[in-house]
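Participant: A predicted structure for the sequence below; I have some questions about it.
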Amino acid sequence: MIQDVAKTDIDLGAWEELMKKGITNAISGLSQMVQKKITVDSVLISRIPAKEVIDLVGGPETLIVGIYLNFSGAANGHLMLAHRPEVAYALLGMILGEEPVKRNDISDYELSALSEMGNITGSFFLNAIADTLGITLYPSPPSVIIDMAGAIMGIALAEILQESDEVMVVDTVFTTDDQSAGGRFMIMPNESFVQLSQHYAR
């Protein structure tokens with residue numbers, strides 16, 4: 001079963017190397033999008049029980065901005081960028097070149113900008129992973145959802161828990177010359193992705 005593989009056979013060092021390659025490429029894509037140099041100040045990678053993911057973003061009733069996409073091809077899985085609203089505004093400030101302003105809503109224009117951010121970062125992340133493993137991965141169009149964490153993440157987690165009881169979480173802090181923002185990038189792979197990654201470890 002995948003639970004046994006995840007707990008005993010995964011080379012976490014190899015996973016970390018793969019994730020760092022993916023994140024570095026994703027930030028490179030984001031840098032091209034905003035036409036600013038973005039520096040990654042930190043990358044913290046951890047593997048946690050899937051049931052604890054919602055608590056990681058503040059609990060099921062915490063309002064978050066989720067940018068979600070799934071991927072298919074040689075392996076399947078889910079990617080999610082989960083942000084508190086104040087972090088989402090900071091990201092919008094980076095993307096749009098404006099000072100972040102806290103409000104109670106996000107305009108359609110800003111939602112479109114977040115969606116494009118998800119598209120760029122997700123595609124660049126998956127391309128780096130696919131190139132390293134010598135496989136093909138296809139990202140879906142991203143969805144931007146503003147809701148309680150439990151509602152946003154419940155569907156994806158229900159599917160993941162059928163095969164795996166753990167999730168890879170990448171916490172990053174990145175800056176431009178005048179702004180900074182932290183992001184939480186969640187990688188929720190299925191069994192085929194886990195198995196493919198082990199060939200990289202070998």
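Facilitator: Arrived safely, thanks for sending.
Participant: going forward, measure contacts and count neighbours with C-alpha atoms only.
Facilitator: OK.
Participant: longest helix anywhere in the chain?
Facilitator: helix 108-133 (DSSP state H).
Participant: Please identify the buried residues of that one?
Facilitator: Across helix 108-133, burial judged by 16 or more other CA atoms under 10 Å covers 110-111, 113-130, 133.
Participant: That one - contacts with which helices or strands?
Facilitator: helix 12-34, strand 63-73, helix 85-96, strand 137-139, strand 143-148, helix 191-201 (3 or more CA pairs under 8 Å, 6 or more residues apart in numbering; DSSP states H and E).
Participant: and the first one, average pLDDT?
Facilitator: The average of the pLDDT scores along helix 12-34 is 81.
Participant: packing partners for the helix or strand following that helix?
Facilitator: Remark: after helix 12-34, the chain's next helix or strand is strand 39-49, criterion DSSP states H and E. Applying 3+ CA pairs under 8 Å, 6+ apart, we find strand 39-49 packed against helix 12-34, strand 166-175.
Participant: can these go into CSV with extra columns for mean neighbour count and distance to Leu69?
Facilitator: As requested, the helices and strands packed on strand 39-49 are exported to CSV (neighbours: other CA atoms under 10 Å; distance: least, CA to CA, whole Å):
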stretch, mean neighbour count, distance to Leu69
helix 12-34, 19, 14
strand 166-175, 19, 15
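Participant: Okay, angle between the longest helix of the chain and strand 63-73 too, please.
Facilitator: 40 degrees (axes from the mean of the first three to the mean of the last three CA atoms, to 10 degrees).
Participant: now helix 108-133 and helix 12-34, what's the angle there?
Facilitator: Using the same axes, to 10 degrees, the inter-axis angle of helix 108-133 relative to helix 12-34 is 140 degrees.
Participant: List the residues that contact the closest residue to Gly97 other than its chain neighbours.
Facilitator: Among residues not flanking Gly97 along the chain, Val34 sits closest, at 7.8 Å (CA to CA, 6 or more residues apart in numbering). By CA atoms under 8 Å, 6 or more residues apart in numbering, the contact set of Val34 is 94-97.
Participant: Which among those count as buried?
Facilitator: By neighbour count, with 16+ other CA under 10 Å, the contacts of Val34 hold 94-95 as buried.
Participant: Serialize the contacts of Val34 to a markdown table and add fields for pLDDT and distance to Leu30.
Facilitator: Formatted as a markdown table, the contacts of Val34 follow (pLDDT from 0 to 100; distance: CA to CA, whole Å):
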| residue | pLDDT | distance to Leu30 |
| --- | --- | --- |
| Met94 | 76 | 10 |
| Ile95 | 77 | 8 |
| Leu96 | 79 | 12 |
| Gly97 | 75 | 13 |
